[in-house]
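**Student:** Structural data only, the sequence is not supplied:
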Ligand code: 5AD
Ligand code: SF4
């Protein structure tokens, strides 16, 4: 039986799709990249904001048409939207046959086979677990042959008032370090060069006395020739211990993704974030003291409930102080089931949310350019990830800070580390030239 899968949302979902592929292939299913040839079409979905959700439902409406020509075809909704809307809502959508939440993918082969046995039957499992469910599954890399994701923890206990994650992905569960280390070694043997550790709050990882900084060190020592990145960090979980480990090991990237969300302490408190703006600034100071040449990125949101022009100006003020290397920026959208949806008024007009968003987008662009220019003149260790899409005479890769660098192609291979002198910067990319021999 052939399956087709599309993935929406964050890196965690991409990783989950790799797990899904692994589970289905092991059970004898065949993967197809041609939608029309599939017996079952799976959409691994994201519920975090309104915009991606609309996109996914529009996609479902298009896919539904396939059922008119082939009545045997089955359609499944997986991931966060499955748990977000629960059975009641999705059960009513007649063209959806399969509804599976992020903790139930082990059941997929059985559920799909059941669908085939009985016409007009729906299969549903949206239960959330207290333990990591996929420790024995090695995901099938579907992205690049250079860089692989590893999920080390799932879910979130923070309950920020705007966020659906604690409901769609459940409580925090950290994975056994032995299974993580095993996966790292397998990836290394397969030729991967980089590991990206994933978690909604990677730095709250905790498994039988092993904290995140310890796990990071274990990984750095176990696969010393691999680059290690991690995301996303919750600001108040960044500890001195963690920073010292990052500083100590040259194979751990000097990049922190730390969502600020808003530059107004009043708004942060309404969001139930566990830090004030002043505390956030102290965290940034501590990071820069221990690792001066690092990069810091963030998530920011405009138009959260009751946000005034003054709050927005505060966000701009803090952005100007920190000058993040880059940020993901969103306008707030109220999500059913969250505290903010139930108790706070989504009272900032959409037009204002968009105007404020555009302002921070423009500002971030200038900060990203400023941060990129800081690299000019330096010699950096660049891992080649591929051939530049804009010009096939150039390679593209990343430095240890996660900046993208292009440089004229040489005899070096994709996947090798190269010493590159940074010559120039555009708004998004560094331009360099390879020097000396391969490292
Ligand atoms: N509206 C807008 N942005 C949101 N995010 C999470 N929930 C919402 C929401 N309801 C953003 C936050 C988070 C990132 C992953 O998505 O900035 O850090
Ligand atoms: Fe959502 Fe907050 Fe948890 Fe991040 S820390 S996943 S924003 S609840």
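**Tutor:** Alright, I've got the coordinates. Please read all numbers here as calculations on a predicted model, not as lab measurements. Ligands and ions are numbered 1, 2, ... in the order given.

**Student:** Can you tell me which residues in this protein are near ligand 1?
**Tutor:** Counting by C-beta under 6 Å from any ligand atom, the residues of the chain close to ligand 1 are 48-49, 162-163, 259, 261, 299, 301, 330, 332-333, 335. From N, CA and C alone the C-beta is placed, and that goes for glycine too.

**Student:** redo that, cut-off 5 Å
**Tutor:** Residues of the chain lying close to ligand 1 (C-beta under 5 Å from any ligand atom) are 48-49, 162-163, 259, 299, 301, 330, 332-333, 335.

**Student:** which among the residues you listed gets closest to ligand 2?
**Tutor:** residue 163 (3.0 Å; C-beta to the nearest ligand atom).

**Student:** Now that closest one. Nearest residue, chain neighbours left out?
**Tutor:** residue 338 (6.4 Å; C-beta to C-beta, 6 or more residues apart in numbering).

**Student:** so the one you found sits right up against residue 164, yeah?
**Tutor:** Yes. Assessed by C-beta atoms under 8 Å, residue 338 is found in contact with residue 164 at 6.0 Å.

**Student:** related to what we said a few turns ago, contact partners for the residue nearest to residue 163?
**Tutor:** Contacts of residue 338 were listed using C-beta atoms under 8 Å, 6 or more residues apart in numbering, and they are 161-164, 167.

**Student:** which one is residue 176 nearest to, not counting chain neighbours?
**Tutor:** Of all residues not flanking residue 176 in the chain, residue 135 sits nearest, at 5.7 Å (C-beta to C-beta, 6+ apart).

**Student:** err, residue 255, not the other one
**Tutor:** Counting by C-beta to C-beta, 6+ apart, the residue nearest residue 255 is residue 402, at 4.3 Å.

**Student:** Report whether the lowest-mean-pLDDT helix or strand in the chain contacts ligand 2.
**Tutor:** Every helix and strand in the chain was compared by mean pLDDT, DSSP states H and E; the lowest is helix 80-91, with a mean of 79. No. If you take C-beta under 5 Å from any ligand atom as the test, helix 80-91 misses ligand 2, and the best it gets is 10.9 Å.

**Student:** gap between the residue nearest to residue 404 when sequence neighbours are not counted and ligand 1?
**Tutor:** Closest residue to residue 404 apart from its sequence neighbours, by C-beta to C-beta, 6+ apart: residue 429 at 5.0 Å. Going from residue 429 to ligand 1 by C-beta to the nearest ligand atom, to the nearest Å gives 24 Å.

**Student:** for residue 16, same thing?
**Tutor:** Taken as C-beta to the nearest ligand atom, the span from residue 16 to ligand 1 is 16 Å.

**Student:** That residue: how many residues sit nearby?
**Tutor:** The tally of other residues near residue 16 (other C-beta atoms under 10 Å) stands at 26.

**Student:** So it: helix, strand or coil?
**Tutor:** For residue 16, the assignment made with DSSP: H, G, I helix; E, B strand; the rest coil gives helix.

**Student:** how about it, what does it touch?
**Tutor:** Residue 16 sits next to 7, 44, 78-79, 102, 105, 151 when contact means C-beta under 8 Å, 6+ apart.

**Student:** Now render those as CSV, adding pLDDT, secondary structure and neighbour count.
**Tutor:** As requested, the contacts of residue 16 are exported to CSV (pLDDT from 0 to 100; DSSP: H, G, I helix; E, B strand; the rest coil; neighbours: other C-beta atoms under 10 Å):
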residue, pLDDT, secondary structure, neighbour count
7, 95, strand, 21
44, 96, strand, 26
78, 96, strand, 26
79, 94, strand, 28
102, 93, coil, 26
105, 95, helix, 24
151, 92, strand, 23
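
**Student:** farthest pair in those residues?
**Tutor:** 78 and 151 (15.3 Å; C-beta to C-beta).

**Student:** Buried residues, stretch 168-178. List them.
**Tutor:** Neighbour-count burial for stretch 168-178, with 16 or more other C-beta atoms under 10 Å as criterion, is recorded at 168-170, 172-175, 177.

**Student:** Tell me which of those fall in strands.
**Tutor:** 173-174 (DSSP state E).

**Student:** Find the nearest non-adjacent residue to residue 12, please.
**Tutor:** Residue 12 sits nearest to residue 198 (C-beta to C-beta, 6+ apart), 5.4 Å away.

**Student:** Mean confidence (pLDDT) on the helix or strand hosting residue 68, please.
**Tutor:** With elements taken from DSSP states H and E, the one containing residue 68 is helix 66-69. Mean per-residue pLDDT for helix 66-69: 86.

**Student:** cool, stretch 131-138 as well?
**Tutor:** For stretch 131-138, the per-residue pLDDT averages 78.

**Student:** Show me what it is in contact with.
**Tutor:** Outside stretch 131-138, the residues that reach it (C-beta under 8 Å, 6+ apart) are 19, 22-23, 103-106, 151, 153-154, 173-176, 179, 183, 186.

**Student:** Stretch 165-177 too?
**Tutor:** Contacts of stretch 165-177 (C-beta under 8 Å, 6+ apart): 47-48, 79-81, 83-84, 101-103, 128-132, 135, 151-159, 200-201, 204-207, 210, 215, 218, 337-338.

**Student:** repeat for stretch 403-416
**Tutor:** For stretch 403-416, using C-beta under 8 Å, 6+ apart, the contacting residues are 145-146, 191, 193, 295, 325, 372, 375, 380, 382-388, 390-399, 418, 420, 422, 428-434, 438-439.

**Student:** Which of these are buried, as a PyMOL select command?
**Tutor:** Command for PyMOL that selects the buried part of the contacts of stretch 403-416, burial taken from 16+ other C-beta under 10 Å:
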select buried, resi 146+193+295+325+372+375+380+382+383+384+385+388+394+395+396+397+398+399+418+420+422+429+430+431+432+434
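
**Student:** what ranges do the helices span in the stretch 301-439 of the chain?
**Tutor:** Using DSSP state H, counting those that start in this stretch, the helices of the stretch 301-439 of the chain run over residues 309-322, 339-343, 350-373.

**Student:** possible to save those helices as TSV with mean pLDDT?
**Tutor:** Compiled in TSV, the helices of the stretch 301-439 of the chain are given as follows (pLDDT from 0 to 100):
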stretch	mean pLDDT
helix 309-322	98
helix 339-343	97
helix 350-373	98
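
**Student:** Dump these into JSON lines; add distance to residue 31 as well.
**Tutor:** What follows is these, written out as JSON lines (distance: least, C-beta to C-beta, whole Å):
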{"stretch": "helix 309-322", "distance to residue 31": "43"}
{"stretch": "helix 339-343", "distance to residue 31": "37"}
{"stretch": "helix 350-373", "distance to residue 31": "37"}
